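# A structural model of the following input is requested.
(chains A and B, ligands or ions: 2)
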2 protein chains.
Amino acid sequence: MNFKKDIVNLSPPRFLLVIFVIFILLGTILLKLPFATAGQISILDSLFTAASAMTVTGLIVVDTGSAFTIFGQLVILMLIQIGGLGIMTIAVLIFLMAGRKIGFKERLIVTQALNQTSVGGVVALVKKLFLFSIILESIAFLLLSFRWIPEMGMKEGLYASLFHAVSAFNNAGFSIWANSLSGYVTDPIVNIVISFLFIVGGLGFTVIFDLWKKKDIKQLSLHTKLMVVGTFFINILSLFVIFVLEYDNPGSLGGFTVFEKLQASYFQAVTPRTAGFNTIDIGSLNESTLFFILLLMFIGAGSASTGGGIKLTTFLALIFAVFAFLKQKEEVIIYRRAIMYSTIVRSLAIAIIGLFFVIIGIFILNITEDAPFIMVVFETVSAFGTVGLSMGLTGELTAVGKIVIILIMLIGKVGPLTLAFSFANPVKANIRYPKEDLLTG
Amino acid sequence: MNFKKDIVNLSPPRFLLVIFVIFILLGTILLKLPFATAGQISILDSLFTAASAMTVTGLIVVDTGSAFTIFGQLVILMLIQIGGLGIMTIAVLIFLMAGRKIGFKERLIVTQALNQTSVGGVVALVKKLFLFSIILESIAFLLLSFRWIPEMGMKEGLYASLFHAVSAFNNAGFSIWANSLSGYVTDPIVNIVISFLFIVGGLGFTVIFDLWKKKDIKQLSLHTKLMVVGTFFINILSLFVIFVLEYDNPGSLGGFTVFEKLQASYFQAVTPRTAGFNTIDIGSLNESTLFFILLLMFIGAGSASTGGGIKLTTFLALIFAVFAFLKQKEEVIIYRRAIMYSTIVRSLAIAIIGLFFVIIGIFILNITEDAPFIMVVFETVSAFGTVGLSMGLTGELTAVGKIVIILIMLIGKVGPLTLAFSFANPVKANIRYPKEDLLTG
Ligand SMILES: [K+]
Ligand SMILES: [K+]
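Ligands and ions are numbered 1, 2, ... in the order given. Below you'll find the predicted structure:
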């Protein structure tokens, strides 16, 4: 038996899954070491924490800051960097170089997506992406240090800045503070730096490249245009909705000035897709706000980004398909480009499969957990979208509940990513069947 | 101004909507007459009742049996017959004969769906359908009379049988008893007759014709095969799920023998798509069962039937499309027939638009109603699917809440029906845009 050869021969989706499982198990062992935790934590809690970090979700069963030592926290940070930035770069390289099972067409599409004509060019670009990310994290680290060193001293300030810069860029949502960033709800530096990091991380690396290289807006790819415009509008809409719904809520924005309300609404508007930090208490929000956040968490950030969810472009492709149908248009046209039929079907598949796992998760947790329906739905969608926002259920999960959430985080992270790599390469049918219409609706 | 001409010139979807609005308003006036109600009811409650009856939903804000006189109840029954059987036959005739705006292709597809080669043939068939339905309702009426006359005397027994036969065939879910059919949870005649009526009514008239006319199973249309097989399997699955989840629940099946449990599970399994009668208390079910019923209510019954929801074939078309994508198939094949691309897109549109209105409804009701999230979701989906099952929120709705539910019932009834008639007749594009792929997932 040749284990190494077996690994290389795995199909890319399985390969990705194997990487995740290996790092999660490695993380579990490291987090279970005596000097990783302040007290004792169960093996299940180590596993949960490792899975949450590696899938950059940020749901927690024990408080990161108090339950883990600095060593434990650095293990978590390492998993975050691997699960976020690492996977995005490694995955592309693997797909392009190692996988024998990947065809010419897939390579072509990846290279096209990156606007490169050769595999060599892609490798060079991925290296640049890696460098760009590290530089961005470093700048953010410096900016946060200016804010936090004066407050908590050199050592603690530097450490807090490092941890949150890495966690934010990777859309991980892990914080060393039990109330996340609630202590900085009206702090401009923390709000701006952290949200800038996770928004850029959530745009996706093809978008970052595209914006980086082109000066003329007309040259931007359809994908880039959709992501930039879509992200802008969905964030403005979310800001407005949360501001209006929570304006008077004493548990959230009630006590703030109008400017502070705007600031807190902004942060709560951008964090559900899929950063997962919070500056106000999620459990105190109105049910209508929670429901709205649920939708944002399911939609998620950009493809090939550090974020999760079904992805913004998947959502928009489906919406545009519906509009094209209502206008009786033959094709789905966005910005003078016709969307390929296979893109619509892929989007449909990603949304339905995502919905399927969310439904299964809610169904099981409704049986195993003694909690209100909205809490069960919220934590499940948060896990699927690898968001990490919590109404408080995760900390009180039963053992079965923890395992379900672990699986959903894994599916939420690996699922859309592997489906996204299922590029249109249909098997030619040997038999032709007559076409027939169905009555629907 | 020529009002009559304006009406005839309306597009078919608007025409349908106008019919519904006119009958709902007419019903509201009739139900507000002094001799229609036992006491006083508000105009909003009359409107709600008329809308619920005309859309064959069955959600109630006042108890049908005690709040309305026999006259009022007969008005409700008339609205049910018009909104269910009436609309199904009228709509088809309107589409075929009156509408000048409907093209040759639409007629062709309707006639194909009915396996007729001419419009005249369709008219004859619709007449037969009408007759078939009346005969079926009459037989059920007789069978129920055998059960209920001995129990409650001639007059009351006949009336109860008439009311429930009409309500059942039209999937209306209205009952003259406050606890619906809970008094007959273990009664075989009531269970069998009522469920047979609403299952047949929910298959859709094209299916009934197809089954009626053909002796050879191979000649059945794809639509008929899917509906029959799909209905069978989804009912078996639902029976199993409800039986297992509620087996020990003292509020539902706990006190029954195994055979009685099976009977009650069967009824509760088939009623959510979209009959709306209940023999066990909905509010006492487990949250996992309620969640499962939610999904059934959203899916609903058959196209061109008396039932609601996005429709079983819409749901199945989407599921098959996902499987085809996962298997990298170029086309969606069911029973050796290729599903048209336009069918998939139409199904997608119906599901997403349905989801959109459900989401808007939940969002508003979460603001206006002071009720647990699951109750809000349940009543909204029940209204959209024109199901009528209730956890009890409808009886306690605020005025705004009642208006929202009225609108959702109307959208749930008219929406999918009109979208279903938007047959594939795309506008040819004058400008050709280059195709471009999007990263999704
Ligand atoms: K996250
Ligand atoms: K109903």
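
# so in chain A, which helix runs the longest?
Longest helix of chain A, by residue count under DSSP state H: helix A:119-152.

# distance of the closest residue to A:Thr368 other than its chain neighbours from ligand 2?
Spatial nearest neighbour of A:Thr368, excluding adjacent residues (CB to CB, 6 or more residues apart in numbering or on different chains): A:Val400 at 4.6 Å. Using the backbone N, CA and C atoms, a C-beta is placed for each residue, glycine as well. Using CB to the ion, to the nearest Å, A:Val400 is found at 36 Å from ligand 2.

# quick revisit: just after the longest helix of chain A, pick out the following helix or strand.
helix A:154-169 (DSSP states H and E).

# which positions in that next one come out as buried?
For helix A:154-169, the neighbour count (16 or more other CB atoms under 10 Å in any protein chain shown) marks A:157-169 as buried.

# so the residue nearest to A:Thr368 is in which element?
Per DSSP H and E: A:Val400 is located in helix A:399-421.

# one step back: okay, now the residue nearest to A:Thr368: neighbour count?
For A:Val400, the neighbour count with other CB atoms under 10 Å in any protein chain shown is 13.

# just confirm it contacts A:Gly361, I think it does.
No - with contact defined as CB atoms under 8 Å, A:Val400 does not count as touching A:Gly361 (11.6 Å).

# correct me, but A:Leu44 touches A:Ile405?
No - counting by CB under 8 Å, A:Ile405 is not a contact partner of A:Leu44; they are 11.0 Å apart.

# chain neighbours aside, what residue packs nearest to A:Asn278?
A:Ser180 (4.7 Å).

# just to revisit the earlier point, compare A:Leu44 and A:Ile405 (neighbour count), which wins?
Remark: of A:Leu44 and A:Ile405, A:Ile405 carries more neighbours, 26 against 15, as counted by other CB under 10 Å.

# what residues are up against the more buried one?
A:Phe48, A:Leu59, A:Gly361, A:Leu365, A:Glu379, A:Thr380, A:Ala383, A:Thr394, A:Leu397 (CB atoms under 8 Å, 6 or more residues apart in numbering or on different chains).

# please apply the same query to A:Val62.
By CB under 8 Å, 6+ apart, the neighbours of A:Val62 are A:Ile41, A:Asp45, A:Thr49, A:Phe68.

# could you do A:Val332 as well?
Taking CB under 8 Å, 6+ apart as the test, what A:Val332 contacts is A:Ala317, A:Phe320, A:Ala321, A:Ala324, A:Ala338, A:Ile339, A:Ile344.

# chain neighbours aside, what residue packs nearest to the first one?
Counting by CB to CB, 6+ apart, the nearest residue to A:Ala317 once its immediate chain neighbours are dropped is A:Ser347, at 4.2 Å.

# burial measure for the one you found, as a count.
28.

# am I right that it is in a helix?
Yes - counting by DSSP: H, G, I helix; E, B strand; the rest coil, A:Ser347 is part of a helix.

# surely A:Ile359 touches B:Leu294?
No - counting by CB under 8 Å, B:Leu294 is not a contact partner of A:Ile359; they are 9.6 Å apart.

# these two: which is more packed in?
Shown here are A:Ile359 and B:Leu294; by other CB under 10 Å, B:Leu294 has more neighbours (24 against 16).

# can I take it that the more buried one is in a helix?
Yes - B:Leu294: assigned to a helix according to three-state DSSP.

# could I get the contacting residues of it?
Neighbours of B:Leu294 in contact, by CB under 8 Å, 6+ apart: B:Val377, B:Phe378, B:Val381.

# show me where pLDDT drops low in chain A?
Applying pLDDT under 70 to chain A flags residues A:1-13, A:90-122, A:215, A:417, A:420-433, A:435-441.

# residue in the stretch 201-350 of chain A with the shortest distance to ligand 2?
Of all residues in the stretch 201-350 of chain A, the one sitting closest to ligand 2 is A:Phe291 (25.3 Å; CB to the ion).

# quick revisit: quick check on the contacts of A:Val332: which are buried?
Counted by 16+ other CB under 10 Å, the contacts of A:Val332 give A:Ala317, A:Phe320, A:Ala321, A:Ala324, A:Ala338, A:Ile339, A:Ile344 as buried.

# kindly reformat those residues as a markdown table containing distance to ligand 1 and secondary structure.
Listed next are the buried ones among the contacts of A:Val332 as a markdown table, based on distance: CB to the ion, whole Å; DSSP: H, G, I helix; E, B strand; the rest coil:
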| residue | distance to ligand 1 | secondary structure |
| --- | --- | --- |
| A:Ala317 | 23 | helix |
| A:Phe320 | 27 | helix |
| A:Ala321 | 28 | helix |
| A:Ala324 | 33 | helix |
| A:Ala338 | 34 | strand |
| A:Ile339 | 29 | strand |
| A:Ile344 | 28 | helix |
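
# one step back: what about the residue of the stretch 201-350 of chain A closest to ligand 2, which SS state?
helix.

# contacting residues around it?
Contacts of A:Phe291 by CB under 8 Å, 6+ apart are A:Ile374, B:Ile359, B:Ile362, B:Phe363, B:Asn366, B:Phe373.

# part of a helix, is the third one?
Yes - remark: B:Ile362 belongs to a helix, assigned using three-state DSSP.

# give me phi/psi at the closest residue in space to it that isn't next to it in sequence?
Nearest non-adjacent residue to B:Ile362, counting by CB to CB, 6+ apart: B:Thr380, 5.0 Å away. Here is the backbone geometry of B:Thr380 (degrees, to the nearest 10): phi -70, psi -50.

# I'd say A:Leu203 and A:Ala301 touch.
Yes - counting by CB under 8 Å, A:Leu203 touches A:Ala301, with 7.4 Å between them.

# more neighbours, the two?
A:Ala301 (27 against 24).

# how about that one, secondary structure?
The three-state label for A:Ala301, taken from three-state DSSP, comes out as coil.

# how many neighbouring residues does A:Leu30 have?
A:Leu30: 18 neighbours (other CB under 10 Å).

# tell me how far it lies from chain B.
Using CB to the nearest CB, to the nearest Å, we find A:Leu30 at a distance of 31 Å from chain B.

# the longest helix of chain A close to chain B?
No - judged by CB under 8 Å from any CB of the partner chain, helix A:119-152 stays clear of chain B, getting no closer than 14.3 Å.

# quick one: work out the angle between that helix and helix A:154-169.
Orientation check (axes from the mean of the first three to the mean of the last three CA atoms, to 10 degrees): helix A:119-152 against helix A:154-169 gives 140 degrees.
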